[in-house]
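1. Task: produce atomic coordinates for the following.
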Amino acid sequence: MLEALAAAQQAPAPQQATEAASQTSARLISDELNIDIGPDGKVYGIELLNANEQLGTPRMKNLIIENRGSGQKVELALAV
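-> Residues are numbered from 1 along each chain as shown. Presented below is the predicted three-dimensional model:
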């Protein structure tokens, strides 16, 4: 999932990415979702709280990530 997000942005050098990722702050989006934002404003992590409950239903077969700014969508198959 993070690879799909990173593909939509220009990736920083590995050392810079490691430094920025170690300085992230978690933003509570909802009771079910946290986003880790680095000091550079980039997203370094997406955390689904209670992921088994959110993604573990038989009707949920794919996860779609959409960048509403660019319109780019990535669809990922979920393992059963």
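2. name the element the residue nearest the centre of the chain belongs to?
-> Residue closest to the mean C-alpha point of the chain, counted by CA atoms, centre = their mean, is residue 46 at 3.6 Å. Element membership for residue 46, per DSSP states H and E: strand 43-48.
3. So in that sheet, which strands flank that strand, and in what orientation?
-> Sheet pairing of strand 43-48 (DSSP bridges) gives strand 33-37 (antiparallel).
4. Output the strand it pairs with as PDB - backbone C-alpha positions only.
-> Extracted C-alpha coordinates of strand 33-37, given in PDB (Å, rounded to 0.1, in the frame of the first residue of the first chain):
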ATOM      1  CA  LEU A  33      -7.500   5.400  10.900                       C
ATOM      2  CA  ASN A  34      -4.200   7.100  11.800                       C
ATOM      3  CA  ILE A  35      -1.900   8.800   9.300                       C
ATOM      4  CA  ASP A  36       1.800   9.300   9.900                       C
ATOM      5  CA  ILE A  37       3.000  12.700   8.600                       C
END
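5. what's in contact with it?
-> Outside strand 33-37, the residues within contact range by CB atoms under 8 Å, 6 or more residues apart in numbering are 21, 24-29, 43-49. Glycine gets a C-beta too; all of them are placed from N, C-alpha and C.
6. chain center to that strand: distance?
-> 8 Å (CA atoms, centre = their mean, to the nearest Å).
7. Strands along the chain, start to end?
-> Using DSSP state E, the strands of the chain run over residues 25-30, 33-37, 43-48, 62-66, 73-77.
8. Pull up the gap between residue 65 and residue 34, please.
-> 16 Å (CB to CB, to the nearest Å).
9. Residue 45 now?
-> From residue 45 to residue 34 the distance is 8 Å (CB to CB).
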